[in-house]
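> would you be able to build a 3D model of this:
(2 chains)
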Amino acid sequence: MDMELVSRIGGSVINSLSYLGALASLGGQATYYTIAGPFQGKPLRLHRAVSQAMDVGVRALPILSLITFFIGLILALQSAYELRRFGAINLVATAVAISMSRELGPLITAIVVIGRSGSAFAAEIGTMKVTEEIDALETMAISPVHFLVAPKFLAMIVMLPCLTIWANFMGILGGSLFGVAQADFTFLRYLQASVDSLFLRDIVTGLIKSVMFGITITAVGCLEGLSTGAGAEEVGRSTTRAVVMSIFLVVLVDLVFTVLFFFVGGG
Amino acid sequence: MMPEETPVSMEEIMISVRDLRVNYGDREILHGVNFDVNRGETMVILGGSGSGKSTLLRTLVGLEKPSSGQIWIKGKDIAAIPLGEMDEIRKKIGMSFQGSALFGSMTVGENVALPLREHTKLENSTIEIMLRLKLEQVGLQGFEYYMPSQLSGGMKKRAAVARALAMDPEILFFDEPSAGLDPIIAAGIDQLILELKQAFRMTIIVVTHELASAYLIADRMILIDKGNVVANAPTDEMRASTQPRVRQFLDRVAEPEVARELDYLQMLTENRRSA
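Reported below is the predicted structural model:
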């Protein structure tokens, strides 16, 4: 009985490591095609990356704005609840600004992008796998990673920091609603207090995380798509796996970088 | 070899398969396949479901890796060469897939132009001319701005052939060209294959189980059964073959019914031994 448990744990560890390895390999290939490709006569196909960026970034703005506005408002309410007891309700602007920039801006943005684009990547590539379109690309000597995956990486790496900045702003805006209504702020004074409380490293650490999240989401979505089995239900399964694994890995990456930033550069 | 036949020189053989074995996991699908395809020949690979014919086709175009054996295409053993060299060979072949495999997000014209855009430095205007030419060759002139979802099954097949022809390949592969098509449309595809054969003297490999198509288009046929080549002959010879397994396939004889479990077991093991 004991040995079976050990071998199951061992098997899980090996599977997880090989999954991470496959993600890294996909990321590496995409990087190669993006950076080294143009020098080898394989052009960047920028228009494909731009159209992906439209889908990933611009079209996410409405839903992202709403969600992060509400998150900012929720944050303000929750912090004020405690701060009020210490007579420090004027610190609510600080609390919201720092929480959004360092943590919730990047994380909530990543989750919205996972739901919209991570699933879409897996579904699009998975469907192409099932209809033999991936095979067709290969028989035409076109690398599916070059053609499908690399533009997505480029788009996500550019768009996620942009979306995160917007999310931070919308969160502060949401907090300002509370600040003006319940904490004796004027709108401008609330904004000033938010800006004053932020150090550059608060924003930069958040943006670095957002880039890492973007890489993770793309790698998982595309890997799941490319490894889809045969049949429509397999596409559904890949899409589900892509979303779940992305959420988990994004939180894991978040932890790693938060710990890193805690010890390096004084947090 | 008959005395009247002249020996075929090495340059005339386009594809040469030697002792090809392919595994899926630990199951061997192809057990040492051997055959040659000459330049300008249309070879039809016949076989039932599960015979390994699709695996054979996929291995010939490099989508599967053999576990052992050699596949010589234009003087290179594709089972042994690195990926970069495989790409060079792929630019000289074209494949039409069973479900057409057209890219749904692009127009028909963009589908056909894709290999040209990716592999050549031709101007857009030149590419436009070439794709119209290819579409005309398959009878789809004027359809370059249609999306694949707007085409019927037969038209999608034709578009897929046009795309396979984009780089003027020397070898064309067809995976079940008549699949899912009604007999009249399927006959149209057969006609297209014949026209390509006559106009361009292309080497064509077709995997199918449609006998009527096969008789029409094939110069030579091979029959694959349970991962082995059981017959390899020119069309007329194949039609007149007296081999039991060949006759069973060509005459569409169903597997004999077995009443008792022991008989069924015996039939299974006997088939495995003879395969």
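> ok, and the closest non-adjacent residue to the most centrally placed residue in chain A?
The centre of chain A sits closest to residue A:110, judged by Cα atoms, centre = their mean, with a distance of 2.9 Å. Of all residues not flanking residue A:110 in the chain, residue A:213 sits nearest, at 3.9 Å (Cβ to Cβ, 6 or more residues apart in numbering or on different chains). For glycine as for every other residue, the C-beta is placed from the backbone atoms N, C-alpha and C.
> hang on, that neighbour packs against residue A:108?
No - assessed by Cβ atoms under 8 Å, residue A:213 is found out of contact with residue A:108, at 10.6 Å.
> the more surrounded of these two?
Per other Cβ atoms under 10 Å in any protein chain shown, whichever of residue A:213 and residue A:108 has more neighbours is residue A:213, with 28 against 22.
> helix, strand, or coil at whichever residue of the stretch 101-250 of chain B sits closest to chain A?
Proximity of the stretch 101-250 of chain B to chain A (Cβ to the nearest Cβ) peaks at residue B:101, 4.0 Å away. Three-state call for residue B:101 (DSSP: H, G, I helix; E, B strand; the rest coil): coil.
> tell me who's in contact with it.
Residues counted as contacts of residue B:101 (Cβ atoms under 8 Å, 6 or more residues apart in numbering or on different chains) are A:131-133, A:135-136, B:160.
> just name the closest of those residues to residue A:254, please.
Closest approach between the contacts of residue B:101 and residue A:254, by Cβ to Cβ: residue A:133, at 34.5 Å.
> next up, the contacts around the closest one.
Residue A:133 neighbours (Cβ under 8 Å, 6+ apart): B:101-104.
> which of those ranks first by neighbour count?
In the contacts of residue A:133, the most neighbours by other Cβ under 10 Å go to residue B:102, 26 neighbours.
> do the strand or helix carrying residue B:134 and chain A meet at all?
Using DSSP states H and E, residue B:134 falls within helix B:124-137. No - against chain A, helix B:124-137 shows no contacts by Cβ under 8 Å from any Cβ of the partner chain, the least distance being 13.1 Å.
> got the CA coordinates for the helix or strand following that helix in CSV?
Next in sequence after helix B:124-137, counting helices and strands by DSSP H and E, comes helix B:153-164. Extracted in CSV, the C-alpha atoms of helix B:153-164 (Å, rounded to 0.1, in the frame of the first residue of the first chain):
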residue,chain,number,x,y,z
GLY,B,153,-17.8,19.4,-49.7
GLY,B,154,-16.6,18.9,-53.3
MET,B,155,-15.5,22.5,-53.7
LYS,B,156,-13.6,22.3,-50.4
LYS,B,157,-11.8,19.3,-51.8
ARG,B,158,-10.9,21.1,-55.0
ALA,B,159,-9.6,24.1,-53.0
ALA,B,160,-7.5,21.8,-50.9
VAL,B,161,-6.0,20.4,-54.1
ALA,B,162,-5.3,23.9,-55.4
ARG,B,163,-3.5,24.6,-52.2
ALA,B,164,-1.5,21.4,-52.5
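> who does helix B:153-164 touch, helix- and strand-wise?
strand B:93-96, helix B:108-119, helix B:124-137, strand B:171-175, helix B:183-200 (3 or more Cβ pairs under 8 Å, 6 or more residues apart in numbering or on different chains; DSSP states H and E).
> that helix to helix B:183-200, inter-axis angle?
Using axes from the mean of the first three to the mean of the last three Cα atoms, to 10 degrees, the inter-axis angle of helix B:153-164 relative to helix B:183-200 is 20 degrees.
> got the buried residues for helix B:153-164?
B:154-164 (16 or more other Cβ atoms under 10 Å in any protein chain shown).
> quick one: that helix to strand B:171-175, angle?
Going by the same axes, to 10 degrees, helix B:153-164 makes 150 degrees with strand B:171-175.
> from the chain's centre, how far out does helix B:153-164 sit?
In terms of Cα atoms, centre = their mean, to the nearest Å, the centre of helix B:153-164 is found 15 Å from the chain centre.
> for that helix, what is the average pLDDT?
Average pLDDT, helix B:153-164: 93.
> quick revisit: residues in contact with the residue nearest to residue A:110?
Contacts of residue A:213 by Cβ under 8 Å, 6+ apart are A:106-107, A:109-110, A:113, A:160, A:250, A:253-254.
> identify those among the residues you listed that sit within helices.
A:106-107, A:109-110, A:113, A:160, A:250, A:253-254 (DSSP state H).
> so how far is residue A:263 from the nearest residue in space to residue B:122 that is not next to it in sequence?
Leaving aside its sequence neighbours, residue B:122 sits nearest to residue B:116 (Cβ to Cβ, 6+ apart; 6.1 Å). Distance, residue B:116 to residue A:263, by Cβ to Cβ, to the nearest Å: 54 Å.
> now do residue B:33
From residue B:33 over to residue A:263 (counting by Cβ to Cβ), the distance is 61 Å.
> between these two, which one's more packed in?
residue B:33 (25 against 8).
> which strand residues bridge that one?
residue B:20 (DSSP bridges).
> need the contact list for it.
Residue B:33 neighbours (Cβ under 8 Å, 6+ apart): B:17, B:19-21, B:56, B:69, B:224, B:227-229.
> going by neighbour count, which of these comes out on top?
Neighbour max across the contacts of residue B:33 (other Cβ under 10 Å) = residue B:56, 27 neighbours.
> give the contact list for that one.
B:20, B:22, B:30, B:33, B:45, B:207, B:224.
> same list (those residues) but as CSV, adding distance to residue A:197.
Shown next, in CSV, are the contacts of residue B:56 (distance: Cβ to Cβ, whole Å):
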residue, distance to residue A:197
B:20, 70
B:22, 65
B:30, 69
B:33, 73
B:45, 72
B:207, 69
B:224, 74
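> and stretch B:209-221, which residues are buried?
Buried, per 16+ other Cβ under 10 Å, within stretch B:209-221: B:209-211, B:213-218, B:220-221.
> turn the residues you listed into TSV, columns for distance to chain A, pLDDT and secondary structure.
Converted to TSV, the buried residues of stretch B:209-221 look like this (distance: Cβ to the nearest Cβ, whole Å; pLDDT from 0 to 100; DSSP: H, G, I helix; E, B strand; the rest coil):
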residue	distance to chain A	pLDDT	secondary structure
B:209	18	83	coil
B:210	19	86	coil
B:211	25	87	helix
B:213	20	89	helix
B:214	22	90	helix
B:215	27	90	helix
B:216	25	91	helix
B:217	21	92	helix
B:218	22	92	coil
B:220	23	93	strand
B:221	23	93	strand
